[in-house]
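> have a look; sequence and predicted model below, questions after that.
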Amino acid sequence: MAKNRVIYQSDALFASKEVNSTGASDHVQLRRVQSANYSFNVARQDVNQFGQLARMEAIILEAPTVSFDTSYLLGDGFNEQALGFLNGSGLNKGFISGQIASTSGTNLYILTAPEGLDANFNTTSTAYSTIGIGNAFVTDYTLDASVGAIPTVSVSFEGTNMNATAGVSGNVISGTVGYSGISGVGIDPELGTLLANQTSAKSIFDEPARKGIYLPPASQGTGILLNGSEDGVNDVVSALRPGDISLSFANADGDTIVDLDGSDGGSAHVQSVSISIPLGRTPIDRLGTRFSFARVVDFPITPTLSVSAIVSDTQTRALTDIINDDAFITNIEILFKKSSSTAAPGGANNNLHQAAYKMTNLKLDSESFSSSIGPNKTVDLSFSLSIGGPDDTVNNVFFSGANTGTVLGNAQLLS
């Protein structure tokens with residue numbers, strides 16, 4: 001039966017471990033997804049000639065770029081691991097290490113259940129459909145946390161291929177759970193053709209010749225995923241609260257006019273923080289291929305940290321002194337505590353927090369005050385840093401989440 005509409009209850013978002021992944025254990029559903037948007041643009045060049053006003057043809061000279069962006073509520077690092085970011089308990093490995101490595105990207109699948117059914121609870125219909133984005137690379141990661149709002153992450157991708165599959169089955173067949181009948185979306189970046197193991201989906205009983213994609217069952221995301229199903233033991237936080245955020249600006253206090261640290265008894269009242277990690281990419285083409293065979297990261301990578309606060313106290317500072325002694329800010333930390341924890345930034349112990357970010361070797365780029373009749377006096381600060389290599393512990397962004405489970409068959413949690 002045709003759908004009248006599709007709303008958020010029917011959609012579930014999955015990510016693959018690699019472009020050539022096919023099995024259910026190599027795909028994982030992202031948790032607490034709030035939005036998913038995707039599109040593609042086809043650039044064509046008209047072919048004209050003397051003696052004819054209308055174009056003869058409009059040919060595609062470059063492969064279309066598929067754009068995809070999603071937002072989700074920040075959790076315990078599960079989604080970050082699923083998308084190829086590094087979750088390091090010791091905050092000693094670069095957060096984006098996996099993103100700057102030479103890979104063919106990942107595949108993303110939006111599974112849509114029949115109208116009126118929750119994707120997370122229904123696995124019996126044969127009327128599912130999917131839209132896949134192939135060879136997708138992260139181009140931006142942004143965290144936003146503010147007073148009165150749940151901390152949210154936004155991630156943007158650029159992909160090479162998009163396809164749609166109808167008539168996907170959600171039945172449990174021969175002891176194997178998940179969705180079958182899905183055509184894969186990963187392509188060989190040099191040949192520009194669909195990978196052989198993803199061309200079509202055959203019966204699950206035809207194991208030696210089975211092709212196509214098998215996704216694990218969609219679920220609420222309340223427990224750690226193990227072998228395609230939730231173990232039902234480990235509780236996963238539904239969402240983080242602004243009141244559980246702790247900030248460490250002690251090392252930045254010497255560069256700012258506003259008192260951020262509060263060592264003198266009165267610190268600024270931070271209203272919001274935002275971390276943005278841009279990962280611009282350049283497609284590399286060559287003669288003889290229709291698709292870009294690589295999408296490499298543009299260096300340098302310059303993450304930024306934006307802070308907005310209500311001013312309470314200012315400090316004795318002079319811009320000339322800052323210019324004469326323009327030292328690096330050693331680090332700034334943002335800690336999302338577990339509700340029962342009293343931990344402060346510094347240790348980033350998995351037992352005490354849900355998520356923690358650490359940015360090192362920063363510079364203060366701007367400090368802007370605003371004062372007018374009515375509202376409180378506010379200040380906006382902007383910091384930036386330059387990303388080093390994966391093992392550079394001096395110039396980097398680090399992340400640690402409470403999730404210690406295996407994600408996509410490969411735990412990305414490092415000590």
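Looks like it came in fine.

> residues near Gln271, how many?
The tally of other residues near Gln271 (other CB atoms under 10 Å) stands at 18. For every residue, glycine as well, the C-beta is placed using N, CA and C.

> surely it touches Val147?
Yes - using CB atoms under 8 Å as the test, Gln271 is close enough to Val147 to be in contact (5.1 Å).

> show me what contacts Ala309?
Val258, Leu260, Ala268, His269, Val270, Gln271, Thr378, Val379, Leu381 (CB atoms under 8 Å, 6 or more residues apart in numbering).

> so it: helix, strand or coil?
Here Ala309 is recorded as strand under DSSP: H, G, I helix; E, B strand; the rest coil.

> what is it paired to in the beta sheet?
Beta-bridge partners recorded for Ala309 (DSSP bridges): Val270, Val379.

> can you tell me how far it is from Leu287?
Distance of Ala309 to Leu287, given as CB to CB, to the nearest Å: 54 Å.

> could you do Thr152 as well?
43 Å.

> so which of these two has more stuff around it?
Each of Thr152 and Leu287 has its neighbours counted (other CB under 10 Å); Thr152 has more, 19 against 4.

> so what sits opposite the more buried one in the bridge?
If you apply DSSP bridges, the partners that Thr152 bridges to are Leu73, Asp144.

> list the contacts of it.
Gln34, Ser71, Tyr72, Leu73, Leu74, Leu143, Asp144, Ala145.

> ends of stretch 367-387, how far apart?
The straight-line separation of the ends of stretch 367-387 (CA to CA, to the nearest Å) is 22 Å.

> neighbouring contacts of that stretch?
94, 96, 252, 256-258, 260, 268, 271, 300-311, 329, 332, 359-366, 395-397.

> what does the average pLDDT come to for it?
Here stretch 367-387 scores 91 as its mean pLDDT.

> any idea how far that stretch is from the chain center?
Remark: stretch 367-387 is offset 27 Å from the chain centroid, using CA atoms, centre = their mean, to the nearest Å.

> distance check, the residue of the chain most remote from its centre against Glu57.
Going by CA atoms, centre = their mean, the residue of the chain most distant from its centre is Gly51, 52.5 Å out. For Gly51, the distance to Glu57 equals 15 Å [CB to CB].

> which parts of this protein are helices?
Under the criterion DSSP state H, the chain contains helices at 78-82, 97-100, 319-324.

> which one of those has the most crowded surroundings?
helix 78-82 (a mean of 25; mean count of other CB atoms under 10 Å).

> Serialize the helices of the chain to CSV and add fields for distance to Asn161 and mean pLDDT.
Listed next are those as CSV, based on distance: least, CB to CB, whole Å; pLDDT from 0 to 100:
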stretch, distance to Asn161, mean pLDDT
helix 78-82, 20, 92
helix 97-100, 19, 86
helix 319-324, 50, 78
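
> okay, these in a markdown table with distance to Ala218 next?
Below are the helices of the chain laid out as a markdown table (distance: least, CB to CB, whole Å):
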| stretch | distance to Ala218 |
| --- | --- |
| helix 78-82 | 14 |
| helix 97-100 | 25 |
| helix 319-324 | 52 |
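
> nearest to Asn197, of these?
When these are compared by CB to CB, helix 78-82 sits nearest Asn197, at 21.1 Å.

> how far does the closest one sit from the chain's center?
8 Å.

> nearest the geometric middle of the chain, what residue?
Mean-position check on the chain, CA atoms, centre = their mean. Result Val155 at 4.0 Å.

> my guess is that residue contacts Leu143. True?
No - taking CB under 8 Å as the definition, Val155 is not a contact partner of Leu143, at 10.0 Å.

> how many neighbours does Pro375 have?
9.

> separation between it and Gln271?
11 Å.

> likewise for Ile301?
27 Å.

> got it, and Ser180?
48 Å.

> check Phe14 too.
Distance from Phe14 to Gln271, by CB to CB: 35 Å.

> any of the contacts of Thr152 buried? List them.
Ser71, Tyr72, Leu73, Leu74, Leu143, Asp144, Ala145 (16 or more other CB atoms under 10 Å).

> list the contacts for the fifth one?
Pointing back at Leu143 there. Contact analysis of Leu143 by CB under 8 Å, 6+ apart lists Leu74, Pro151, Thr152, Val153, Val273, Ser274, Ile275, Ser276, Tyr357.

> spit out the contact partners of the fifth one.
Contact partners of Val273, counting by CB under 8 Å, 6+ apart, are Leu143, Ala145, Ser146, Ile245, Leu247, Leu305, Ser306, Val307, Ser308, Ile334.
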